[in-house]
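A.B. asks: sequence-free structure coming up:
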């Protein structure tokens, strides 16, 4: 049973970190490079709910498998659990709070002239929310890489 919880842990961690890496460093730049900006933006907006869903599912499995492992091994890995909770919370916040706000702002931005006072205000709000989203996603990625480091240390010993 311990093997199974560790297997789910590694599977969910690798899927989560891999999806963040692939989406952030491969998919997004390629889409903006190959498609007109408006189409690229619409395409990525359609992918975002699925992208975050992968994080919610993988993060939940990661947390559950960590709890299962801690019960089976009779050790409570506080650092990993706190880190996973922070990662999952960051992902949920970015996906359920920031993403809808960014989407709504993009719609509002289409209704006004770019150089108008409302257009400039919407763009500033968009940039701020987008920056926050990038930071939360980066925190999840760094947290995942840290967890991979913990696995590597555990395998060494």
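C.D. replies: Looks like it arrived, so ask away. Predicted model, so just to flag it, every value in this text is computed and none were measured.

A.B. asks: drop to CA atoms for contacts and neighbour counts, all remaining ones
C.D. replies: Noted.

A.B. asks: Check the residue of the chain positioned farthest from its centre and give its pLDDT.
C.D. replies: Centroid-distance maximum for the chain: residue 116 at 33.2 Å, with C-alpha atoms, centre = their mean. You'll see residue 116 listed with a pLDDT of 90.

A.B. asks: Do a quick rundown of the helices in the chain.
C.D. replies: Listed in chain order, the helices of the chain (DSSP state H) span 2-22, 28-34, 37-73, 78-93, 99-109, 117-156.

A.B. asks: can you list contacts of the fifth one?
C.D. replies: By that I understand helix 99-109. 45, 119, 122, 123, 125, 126, 129, 130, 133 (C-alpha atoms under 8 Å, 6 or more residues apart in numbering).

A.B. asks: ok now it, how far from the chain's centre?
C.D. replies: 19 Å (C-alpha atoms, centre = their mean, to the nearest Å).

A.B. asks: Could you tell me the angle between that helix and helix 37-73?
C.D. replies: Interaxial angle of helix 99-109 relative to helix 37-73 (axes from the mean of the first three to the mean of the last three C-alpha atoms, to 10 degrees): 170 degrees.

A.B. asks: Okay, residue 23 and residue 132: tell me how far apart.
C.D. replies: With distances taken as C-alpha to C-alpha, to the nearest Å, residue 23 is found 17 Å from residue 132.

A.B. asks: more crowded one of these two?
C.D. replies: Between residue 23 and residue 132, counted using other C-alpha atoms under 10 Å, residue 23 has the larger neighbour count: 17 against 14.

A.B. asks: For the more buried one, which non-adjacent residue is spatially closest?
C.D. replies: Closest residue in space to residue 23, ignoring its immediate chain neighbours: residue 51 at 8.0 Å, by C-alpha to C-alpha, 6 or more residues apart in numbering.

A.B. asks: Likewise for residue 8?
C.D. replies: residue 65 (6.2 Å).

A.B. asks: likewise residue 92?
C.D. replies: residue 56 (6.9 Å).

A.B. asks: what's the neighbour count on that neighbour?
C.D. replies: Neighbourhood size, residue 56 [other C-alpha under 10 Å]: 19.

A.B. asks: Let me see the contact set for it.
C.D. replies: Residue 56 neighbours (C-alpha under 8 Å, 6+ apart): 88, 91, 92.

A.B. asks: That's all I had, so thanks and see you.
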